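> The following comprises the amino acid sequence and a computationally predicted model.
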Amino acid sequence: MNLDKLREKLAYHGVLLGLVGLGASGALATADYFTHHDIEAAEARDLQASLKQVLPDGFADNDLLKDTVSLKKADGSEVKVYRARLGAEPKGAVFQVASRGYAGDVVALLGVDRQGAILGVRVIKHMETPGLGDKIEIAKGKWILGFDGKSLGNPSVERFAVKKDGGIFDQFAGATITPRAVVKAVREGLEFYRDHQQEIYAATPSPPEGGRGPG
């Protein structure tokens, strides 16, 4: 085989590889285009279902996904707050809280009424040890229901902790770190709500992602 023919073959393989790559990219782009809206709709349904878990039945009649406001925490991070209304009357709010657990961040949804009393808490993401730390899930036990009705004054801030730390909330045998993280996240969430309550209900709803604000 002479050098010219070898060059032709090498060029051919390069062009073929480029065409295959281009075709694969096009196929992925096409699939993303046609499934993007379905994925967004499914995520919205899942979020709506999660939000309803921390609110009593009939508590609100508005679309929580469209009635949101984003606020800054002291550390510069942003919190997206979903506002619950019955008619035009503000009734409460739902937002994510998080704290470091044993194996990673424990993330939960916290629902509170206008007075700052807890309506519900549900853990939506964690990496805690199965059989020990996963008792924070509603599907694995009733521990998470112990927050219902609590507030910063009920109990006092000093007692808003697990029993091992002088508080009122049970810990799990062999997994104190996990419930401690949830209690801390909820307490800090209540403090955030107390400090930003006026802003939460006075602010103009945030525009949907990719959309425009009112006016």
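Thanks, I have it.
> top strand in the chain by residue count?
strand 89-100 (DSSP state E).
> next structured bit after that strand?
Using DSSP states H and E, the helix or strand that follows strand 89-100 towards the C-terminus is strand 105-113.
> which stretches of this structure form strands?
Under DSSP E, the chain gives strands at 68-72, 78-86, 89-100, 105-113, 118-125.
> tell me the most buried of those strands?
Highest mean neighbour count of the strands of the chain: strand 105-113, a mean of 22 (counted as mean count of other CB atoms under 10 Å). C-betas here are computed from N, CA, C, even on glycine.
> angle of that one against strand 118-125?
Orientation check (axes from the mean of the first three to the mean of the last three CA atoms, to 10 degrees): strand 105-113 against strand 118-125 gives 160 degrees.
> which residues are in contact with strand 105-113?
By CB atoms under 8 Å, 6 or more residues apart in numbering, the residues outside strand 105-113 that reach it are 50-51, 53-55, 84, 91-100, 118-126, 128, 136, 178, 181-182, 185-186, 189-190, 193.
> Spatially nearest residue to Gln171, not counting backbone neighbours?
Val162 (4.3 Å; CB to CB, 6 or more residues apart in numbering).
> any chance of the strands of the chain in CSV, with distance to Ala44 too?
What follows is these, written out as CSV (distance: least, CB to CB, whole Å):
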stretch, distance to Ala44
strand 68-72, 12
strand 78-86, 12
strand 89-100, 15
strand 105-113, 15
strand 118-125, 15
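> In JSON lines, list these along with distance to Leu132 and mean pLDDT.
What follows is the strands of the chain, written out as JSON lines (distance: least, CB to CB, whole Å; pLDDT from 0 to 100):
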{"stretch": "strand 68-72", "distance to Leu132": "34", "mean pLDDT": "95"}
{"stretch": "strand 78-86", "distance to Leu132": "29", "mean pLDDT": "96"}
{"stretch": "strand 89-100", "distance to Leu132": "16", "mean pLDDT": "97"}
{"stretch": "strand 105-113", "distance to Leu132": "13", "mean pLDDT": "97"}
{"stretch": "strand 118-125", "distance to Leu132": "14", "mean pLDDT": "97"}
